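S.K.: For reference, the sequence and a predicted model appear below.
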Amino acid sequence: MATSSFWAKTISLCVLLAACGDSTTTTTDAAAAPDMTTTATGDLATTPDLATPDLATPDLSMPDLSMPDLSMPDLSMPDLSMPDLSMPDLSMPDLSMPDLSMPDLHRPPGTIAFTAFKTYPTAGGQANRIVGADFNNDGVLDLATADGASSVVSILLGKGDGSFGAATTTLSVGQSPFDLAAADLDGDHNVDVVVTNKNAGTITTFLGKGDGTFAAPQATIVSNPGPIALGDLDGDGKPDLVYGYGINAMIIATALGKGDGTFAMPATQALMPGEPLGRSLVLADFDGDGHRDVAVPSGTGQGPAVAILLGKGNGTLGAPTYAVVPAEGGYVEGIALGDLDHDGKLDLAADTGNGAADGLLGHGDGTFTGVTTMLSFGITVAPPGLGDFDDDGFPDFVDDVDLPSGMAVARGKGDGTFGVPTPVMLSSFARCFYVADFNRDGLLDIAAGTQAGIDVVLGK
């Protein structure tokens, strides 16, 4: 009620003020007052213009920024579970041990088995001696043979799988090559070859070119040269030459290498007179003083023996002592180096040519004790070979036998004696042996010199 009274008084005051306005106002102006009132009333009453519809909330809701676009379904966890990295792929079944277990290497101890022989003809036939080395620098073992029925040395390059190429390289030497050795004589990292030519009375040196071929030979006159070896006798890092020569009395000569493929004048030591020339000579430190010593077949005048000459470290040798071989009769045809009783001291295996396999057990001071095993090898002509062919940790004895087999292997017992020989078939009886792993399978193989060349049998 009070509000209605207020607005009534206000309107009356406005009418009075209008009547008191300018007396010159025309009737038209007075009549326009309703228009002004109407206009003013219309302007104040119309809220649509003041509501600012363009600022209304619908425009601020921003539907284009809604979360559906941010949900990123492509980053959902199903893609991150990575099923391809699950453990089945990481178990690597192809790297499991079956391929590395090499079951053929775990044959029962005492088992000696070889593949059938394969013959590789040499240029001159009748391989009297075999030596192995990498002559063409391909990382694979090659073979060189002294072909006794001719005047050549044959080079057969290995293929790394147990096989060898044809004897495409032949080295002309003197009549009846007897023995050979290989080493880098001139420091060019290529393997060189030295050959003794018994009937020609020469020692021939061939410097290798590193591709399986060799330079022109250099010959030295020596009376009736026989077994030979290369090794550093004076500690200067250069291979020195050791060889035996003579007819009625064997003499051991040592010639220091100059590092260019040549040798100084030799120093000599005479052995017991009247003993035949042995077919092998080995270098090793028998007394543990760090100097290389020499062992060579000889005799005492009363029976077979091996002469031991201790090195002095300056290229010369001491007077010989003799390790007596207890076998009855015969003489020492050849010797091989190994640890027969597994005591860490070097021993020797000797073949007396009468069917015995003799062990000389080293004491580590340059002396030896002989033990003998009488075997059914028959009359033998080849120097023996040694190798652990049955994986029992003890060297086994390889020697030639009469046909039909041509070769036999006797198991080492670990005390310097040997068991019953196992025959191994060859194309003819063996004249020499070289033992190594030709196909790199971890098993020892044998290359045997025969009438036709080389017969190779691979361990299995």
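M.R.: Received the coordinates, thanks.
S.K.: Low-confidence stretches in the stretch 301-450 of the chain?
M.R.: The stretch 301-450 of the chain contains residues with pLDDT under 70 at 328-329, 376-379.
S.K.: Can you show me the strands along it?
M.R.: For the stretch 301-450 of the chain, applying DSSP state E, counting those that start in this stretch gives strands covering 304-309, 321-324, 334-338, 347-351, 356-362, 368-374, 385-387, 396-400, 406-412, 418-425, 432-436, 445-449.
S.K.: can you give me how far the helix or strand containing residue 244 is from the chain middle?
M.R.: Element membership of residue 244 [criterion: DSSP states H and E] is strand 240-245. Averaged C-alpha coordinates place strand 240-245 at 31 Å from its chain's average position (C-alpha atoms, centre = their mean, to the nearest Å).
S.K.: what are the C-alpha coordinates of the helix or strand following that strand, in CSV please?
M.R.: Sequence-wise, the next helix or strand downstream of strand 240-245 (DSSP H and E) is strand 251-255. Taking Å, rounded to 0.1, in the frame of the first residue of the first chain, the C-alpha atoms of strand 251-255 are listed here in CSV:
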residue,chain,number,x,y,z
ILE,A,251,126.5,-86.1,-34.5
ILE,A,252,124.0,-83.6,-33.2
ALA,A,253,124.5,-80.1,-34.7
THR,A,254,122.9,-76.8,-33.5
ALA,A,255,123.0,-73.8,-35.9
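S.K.: Between strand 240-245 and strand 251-255, find me the angle.
M.R.: Taking axes from the mean of the first three to the mean of the last three C-alpha atoms, to 10 degrees, one finds that strand 251-255 is oriented at 160 degrees with respect to strand 240-245.
S.K.: Can you name the residues that contact the residue nearest to residue 170 when sequence neighbours are not counted?
M.R.: Of all residues not flanking residue 170 in the chain, residue 123 sits nearest, at 4.2 Å (C-beta to C-beta, 6 or more residues apart in numbering). Where C-beta positions appear, they are placed from N, C-alpha and C, glycine not excepted. By C-beta atoms under 8 Å, 6 or more residues apart in numbering, residue 123 lies in contact with 147, 150, 152, 154, 167, 170.
S.K.: try 10 Å this time
M.R.: Residues in contact with residue 123 (C-beta atoms under 10 Å, 6 or more residues apart in numbering) are 145, 147, 150, 152-156, 166-172, 453.
S.K.: Also residue 191?
M.R.: 131, 133-137, 142, 144, 182-185, 206-208, 210, 212, 214.
S.K.: Could you rerun that using 7 Å?
M.R.: 133, 134, 135, 182, 183, 184, 208 (C-beta atoms under 7 Å, 6 or more residues apart in numbering).
S.K.: now residue 182
M.R.: Per C-beta under 7 Å, 6+ apart, neighbours of residue 182: 131, 133, 144, 191, 192, 193.
S.K.: As JSON lines, the residues you listed with secondary structure, pLDDT and distance to residue 288 would be great.
M.R.: Listed next are these as JSON lines, based on DSSP: H, G, I helix; E, B strand; the rest coil; pLDDT from 0 to 100; distance: C-beta to C-beta, whole Å:
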{"residue": "131", "secondary structure": "strand", "pLDDT": "98", "distance to residue 288": "27"}
{"residue": "133", "secondary structure": "strand", "pLDDT": "98", "distance to residue 288": "28"}
{"residue": "144", "secondary structure": "strand", "pLDDT": "98", "distance to residue 288": "32"}
{"residue": "191", "secondary structure": "coil", "pLDDT": "98", "distance to residue 288": "29"}
{"residue": "192", "secondary structure": "strand", "pLDDT": "98", "distance to residue 288": "30"}
{"residue": "193", "secondary structure": "strand", "pLDDT": "98", "distance to residue 288": "31"}
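S.K.: Show the pLDDT at residue 53.
M.R.: Listed pLDDT for residue 53 reads 49.
S.K.: for residue 298, same thing?
M.R.: Residue 298 carries a pLDDT score of 88 in this model.
S.K.: swap in residue 12?
M.R.: Residue 12 is given a pLDDT of 52.
S.K.: Could you work out which of the strands of the stretch 301-450 of the chain reaches nearest to residue 274?
M.R.: For residue 274, the closest of those is strand 304-309, at 12.3 Å, according to C-beta to C-beta.
S.K.: Mind listing the strands the closest one pairs with, and their directions?
M.R.: With DSSP bridges as the test, strand 304-309 is paired with strand 293-299 (antiparallel), strand 321-324 (antiparallel).
S.K.: Buried deepest among those strands, which one?
M.R.: Highest mean neighbour count among the strands paired with strand 304-309 (mean count of other C-beta atoms under 10 Å): strand 293-299, with a mean of 26.
S.K.: Format the CA atom coordinates belonging to that one as PDB.
M.R.: Backbone C-alpha positions of strand 293-299 (Å, rounded to 0.1, in the frame of the first residue of the first chain) are rendered in PDB as follows:
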ATOM      1  CA  ASP A 293     116.900 -79.700 -24.700                       C
ATOM      2  CA  VAL A 294     117.300 -82.400 -27.300                       C
ATOM      3  CA  ALA A 295     116.100 -86.000 -27.400                       C
ATOM      4  CA  VAL A 296     117.100 -88.300 -30.200                       C
ATOM      5  CA  PRO A 297     117.200 -92.100 -30.800                       C
ATOM      6  CA  SER A 298     120.500 -93.600 -30.100                       C
ATOM      7  CA  GLY A 299     122.000 -96.500 -28.200                       C
END
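S.K.: angle of it against strand 347-351?
M.R.: 30 degrees.
S.K.: Check the offset of strand 293-299 from the chain's centre.
M.R.: 33 Å.
S.K.: ok, and what's touching that strand?
M.R.: Strand 293-299 has contacts (C-beta under 7 Å, 6+ apart) with 227, 242, 244, 250, 252, 271-272, 275, 278, 280-287, 305-311, 317, 322, 331-335, 348, 366.
S.K.: Distance check, residue 124 against residue 236.
M.R.: From residue 124 across to residue 236, the span is 36 Å (C-beta to C-beta, to the nearest Å).
S.K.: next one: residue 306
M.R.: Separation of residue 306 from residue 236 (C-beta to C-beta): 28 Å.
S.K.: The contacts of residue 123, buried ones only, as a ChimeraX selection?
M.R.: Here is the ChimeraX command that selects the buried residues among the contacts of residue 123 (16 or more other C-beta atoms under 10 Å):
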select :145,147,150,152,153,154,155,156,167,169,170,171,453
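S.K.: Which member of the contacts of residue 123 is positioned nearest residue 391?
M.R.: Using C-beta to C-beta, these come closest to residue 391 at residue 156, 27.5 Å.
S.K.: Could I get the contacting residues of that closest one?
M.R.: So residue 156 contacts 120, 142, 143, 164, 165, 167, 454 (C-beta under 7 Å, 6+ apart).
S.K.: Tell me the pLDDT of residue 65.
M.R.: Confidence score, pLDDT, at residue 65: 52.
S.K.: I'm done for today, thanks for sticking with me.
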